[in-house]
Structures are given as C-alpha cells and as structure tokens.
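1. quick one, what's the 3D model for this:
(chains A and B)
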Amino acid sequence: MYDLIIVGAGPAGLTAAIYARRANKSVLVLEAKTYGGQIINTLDIENYPVERHISGFDFADKLYNQAKDMGAIIKFEKVVEVKNGRLKKTIITSKNKYEAKAIILATGSENRKLGLSKEEDLIGKGISYCATCDGAFYKDRVVAVVGGGNTALEDALYLTDIAKKVYLIHRRDSFRGDEQTLNLLKKKNNITFIYNSNITKLISDDKLKGIEITNKDNKKEVLDIDGLFVAIGRLPENENFRKIIKLDEAGYIIAKEDCHTNKKGIFCAGDIRVKNVRQLVTATSDGAIAATEAVKYLNNLKDWNYVK
Amino acid sequence: MEIINVGKDNFDKEVLNSEKKVLIDFNANWCGPCRMLRRILDEISTENNNVKIVSINIDNEEDLAREYGVMSIPCLVLVEKGQEIRRSVGLMPKEEVIKFIGE
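-> Residues are numbered from 1 along each chain as shown, chains lettered A, B, ... in the order given. The predicted structure is shown next:
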C-alpha cells in the first residue's frame, strides 16, 4: 500500500511527486506512455520562470530525474481503472493492481482527432497534429490547417513561411484565436481562408492526396494538398475514472484551485482540471497544491472521524 | 550493441547488407519526442542483440529521408535483408517498441 499514487508523469504529476516526497510520503507514479507529457513537443520554453530558454525535452528530463532522485517510484504501466474505497483506493493497470490511501489524477489531454476514416493510417503520411514538429517536411508544398483557435492560427502562420500554399479551414465564420496572430496571417500572400466548412473526407493512396470539404450550404469541394495539420483542440484523458469522478461537459475534472475532486482522497492536477489557463507553470502549480492537499488528507486519516 | 549513426556513406553496409534485422530511427536534434524515443532505443540496444539499431538524422541526410518517404518524426523503419518490413510514426512506450521489433 502506497500513501499516494499519481496517475500521469507530466509536469503536474511529477511536481506532485516531488512535493509528496518532501513530506516523506511513499509515492508511486504511473505513466502509460513516456514521462514529460505534451511539453516534450515544445522546442523552446521561454515563459517558465528562471530559465530563459529550455527545451521541453530537457525540462521533462530534469523534472523526471528530480522526482526519481527524491524517491518517487515511477512505473510505465497503463492505468485501466481507478476504484474508490472509503479508505483504500485501488488502481488496476495493464499488468498489476496497486493500492493507495490517496490518488492524484494528472492525466492531461491528447490531440482531438477529426474522426474521419483512414485518419489514423495517414498520421505521418500527410496528417500531423504538430506543425512545429512536422512543418519542415512540407517545404514548398501545399498544406491545409484545420481549426479556429490559437493553435490553428499559430500553425498556419508558421507554415506560411515554409509551405508554398496554406489553406486555413474553419467550421465557423470567425476565429476564436488571437487577433494579433490573425492580423499577421492576413498579411501573408500564400494563405487562403476557408470559412464555414468542414473536412468530410480524406483522399489518399498510400499518402494523403487531398481533402473533401463541405460548406454550410452542403456544397462540396476537393482541395489537392500534401499535408493536413489538425488543430481542433484537445481531449481530456479521463476514460479510466470518468465513472467515479465528476466532470464538466467537455470532460475535464470539476475541481477548484484546491484540486479536490468529488471523491475524498482523490485529487487532480494539471490540464485535466477545469481551468482557464493551461500552461506549464499552471500545471506544476497544480501539482504542488494537489500534493499538499493530499498530504493534509493523509495526515488527517489518523483521525477516523475525518474519513467517516 | 551501441546505436550507430548512419548516413549515405555507410547506409549500404550498415543497413542494406546487414546480416541482422535493422531498426532505423529517423530523427532530428530539435525533435523532443525523438530524444525521448532515443532514451528508449538506447535501453533496448543494450538488452536486445537480435536487432541492429541505427540513427539517421534527417537534417543531415535529406536524401535518405526522402528515399524512405519520411514525413513525420520520430519514424521507425524495420528493415530485413534490405527490405522494409514495417514502420511506425510517433513516440511509443518501450513495450510497444519491443513489440514493433518482434522476435
């Protein structure tokens, strides 16, 4: 039995591990993929206090080693189910079963997919969810970006400097993203804005060749493109606990700044929590808060009345 | 066995004419997920002697990347007797990489 099990080894989960270890609690961190979470996709972090520049990978690596050096046990196993007992919490992974007195859920989010046929097969063959990662492969080619938020605008702007032509496709008639980025984008001469349209089909042989778009009047058009960058937001990773934890309509855990979920002894941290600003620094700060609250809960467990 | 850096000069020798199965890791220095995957490949290279793991930096070896149609990294290509058997794009956990390499 561990004092605390943390689900997710991203910035929130690993920071929570550091705080809980400093309070001398036994800590197990479970991670389905690799440590670091989505920050490893970031080439250069410029907005985290103290370091002027650090790559996402270096940040993740340092944080991982710090948590490990402080005595957190980190295992790479996918959590299948979280069970809440009044005192004892159980976590079932693809390989094992673990018990803990408290849990912190720090699972983050993943890229939202278009949900079109062959989408998965075409990842890396014309479909990408990360313009800064894959943009360089589309030098002097024709690409499209789909989405209406900041990521879509920034991706499109980044790609106008690399690709021959960029289509920006959005299902509404105006963008949600930052006005300043939009203005910069409008000054580019190799961008075409396509409003009120959805992508309805992916056209491919072994690679992506084009897309079919359908506008609100149900008119269809085919665009010949070499690459499609999908930037339609993120999906919270809640499948392992959504049966027992209260979520909002979008699937994020409902919790205030104190990071308490609706279940006693289960806390949450990072992007998985309902919040306005999802940044590296807010993820790590959630980690600190969730761990501090979890430690308080653990120390109070001695008092039976608290848990009754 | 240590991971070998491969370019067009030693590609035939190290990959196409290799006795062993070869796992090609297409990567770049600026790619965070590639660096994460490299950690995993380093571990596997010391544990598994049935496969030779080689690294190709796509910025230095544009021709090889184009020849293999690499459009996203990290990209792993498994080659046996000079022929591509399968490929995988994106970061995978260690267990999946081991499965990808196979027996």
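2. bridged to the residue in chain B positioned nearest to chain A, which residues?
-> In chain B, the residue that lies nearest chain A is B:Val89 (2.9 Å; C-beta to the nearest C-beta). In this view, the C-beta of every residue, glycine as well, is placed from N, C-alpha and C. Per DSSP bridges, the residues bridged to B:Val89 are B:Cys75.
3. flag every residue of the stretch 201-308 of chain A that's near chain B.
-> Within reach of chain B by C-beta under 8 Å from any C-beta of the partner chain, the stretch 201-308 of chain A has these residues: A:207, A:227.
4. could you list the low-pLDDT ranges of chain A?
-> A:303-308 (pLDDT under 70).
5. can you list the domains in it?
-> A:2-111+A:234-307, A:127-230 (automatic domain parsing).
6. Serialize these to JSON lines and add fields for mean neighbour count.
-> Compiled in JSON lines, the domains of chain A are given as follows (neighbours: other C-beta atoms under 10 Å in any protein chain shown):
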{"stretch": "domain A:2-111+A:234-307", "mean neighbour count": "19"}
{"stretch": "domain A:127-230", "mean neighbour count": "18"}
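7. for B:Lys8, find the nearest of these.
-> Closest to B:Lys8 of these is domain A:127-230 (C-beta to C-beta; 18.8 Å).
8. for the helix or strand harbouring A:Gln180, list the C-alpha coordinates in CSV.
-> Secondary structure assignment for A:Gln180, by DSSP states H and E: helix A:179-186. Output in CSV follows, covering the C-alpha atoms of helix A:179-186 (Å, rounded to 0.1, in the frame of the first residue of the first chain):
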residue,chain,number,x,y,z
GLU,A,179,-6.4,38.8,-33.1
GLN,A,180,-2.8,39.8,-33.4
THR,A,181,-1.8,36.4,-34.9
LEU,A,182,-4.8,36.6,-37.3
ASN,A,183,-3.7,40.1,-38.5
LEU,A,184,-0.2,38.8,-39.2
LEU,A,185,-1.7,35.9,-41.0
LYS,A,186,-3.9,38.1,-43.2
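9. quick one: distance of it to the chain centre.
-> The chain centroid and the centroid of helix A:179-186 are separated by 25 Å, computed with C-alpha atoms, centre = their mean, to the nearest Å.
10. repeat that for stretch A:66-75.
-> Taking mean C-alpha positions (C-alpha atoms, centre = their mean), stretch A:66-75 and its chain are 22 Å apart.
11. who's in contact with it?
-> Outside of stretch A:66-75, the residues within contact range by C-beta atoms under 8 Å, 6 or more residues apart in numbering or on different chains are A:9, A:14, A:17-18, A:20-22, A:26-31, A:35, A:64, A:93.
12. from chain B, how far off is A:Glu31?
-> Using C-beta to the nearest C-beta, to the nearest Å, A:Glu31 is found at 8 Å from chain B.
13. what sits closest to that residue if chain neighbours are left out?
-> Closest residue to A:Glu31 apart from its sequence neighbours, by C-beta to C-beta, 6 or more residues apart in numbering or on different chains: A:Ala9 at 3.7 Å.
14. contacting residues for the residue in the stretch 101-250 of chain A that chain B sits nearest to?
-> Nearest residue of the stretch 101-250 of chain A to chain B, counting by C-beta to the nearest C-beta: A:Gly124, 2.9 Å away. By C-beta under 8 Å, 6+ apart, the contact list for A:Gly124 reads B:71-72, B:75, B:89-90.
15. what of B:Ile58?
-> Applying C-beta under 8 Å, 6+ apart, the residues near B:Ile58 are B:26-28, B:64-65, B:70, B:73.
16. so which of those residues are also by chain A?
-> B:70, B:73.
17. give me the subset of the contacts of B:Ile58 lying in strands.
-> In strands, defined here by DSSP state E, the members of those are B:26-27.
18. show me the helices in the stretch 51-200 of chain A, by range?
-> Using DSSP state H, counting those that start in this stretch, the helices of the stretch 51-200 of chain A run over residues A:56-69, A:131-134, A:150-160, A:179-186.
19. just send those back as CSV, with distance to B:Asp12 too.
-> What follows is the helices of the stretch 51-200 of chain A, written out as CSV (distance: least, C-beta to C-beta, whole Å):
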stretch, distance to B:Asp12
helix A:56-69, 32
helix A:131-134, 28
helix A:150-160, 35
helix A:179-186, 45
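20. if we can go back for a sec, of the contacts of B:Ile58 - the most surrounded one?
-> B:Ile73 (27 neighbours; other C-beta atoms under 10 Å in any protein chain shown).
21. for that residue, list the residues it contacts.
-> B:Ile73 neighbours (C-beta under 8 Å, 6+ apart): A:133-134, B:26-28, B:31, B:33-34, B:58, B:89.
22. minimum pLDDT in those, which residue is that?
-> Within the contacts of B:Ile73, A:Cys133 has the lowest pLDDT, namely 80.
23. now do the SS call for A:Ala290.
-> helix (DSSP: H, G, I helix; E, B strand; the rest coil).
24. that one contacts A:Ala12, correct?
-> Yes - A:Ala290 sits in contact with A:Ala12 when judged by C-beta atoms under 8 Å, with a separation of 7.5 Å.
25. who in chain B is up against chain A?
-> Looking at chain A, the residues of chain B close enough under C-beta under 8 Å from any C-beta are B:30-33, B:35-36, B:40, B:69-73, B:75, B:89-95.
26. again, 10 Å this time
-> Within chain B, the positions adjacent to chain A are B:28-40, B:58-59, B:65-66, B:69-75, B:87-96 by C-beta under 10 Å from any C-beta of the partner chain.
27. can you give me the helices in the stretch 201-308 of chain A?
-> A:280-300, A:304-307.
28. do the same with chain B
-> For chain B, helices defined by DSSP state H occupy the ranges B:11, B:32-47, B:62-67, B:94-101.
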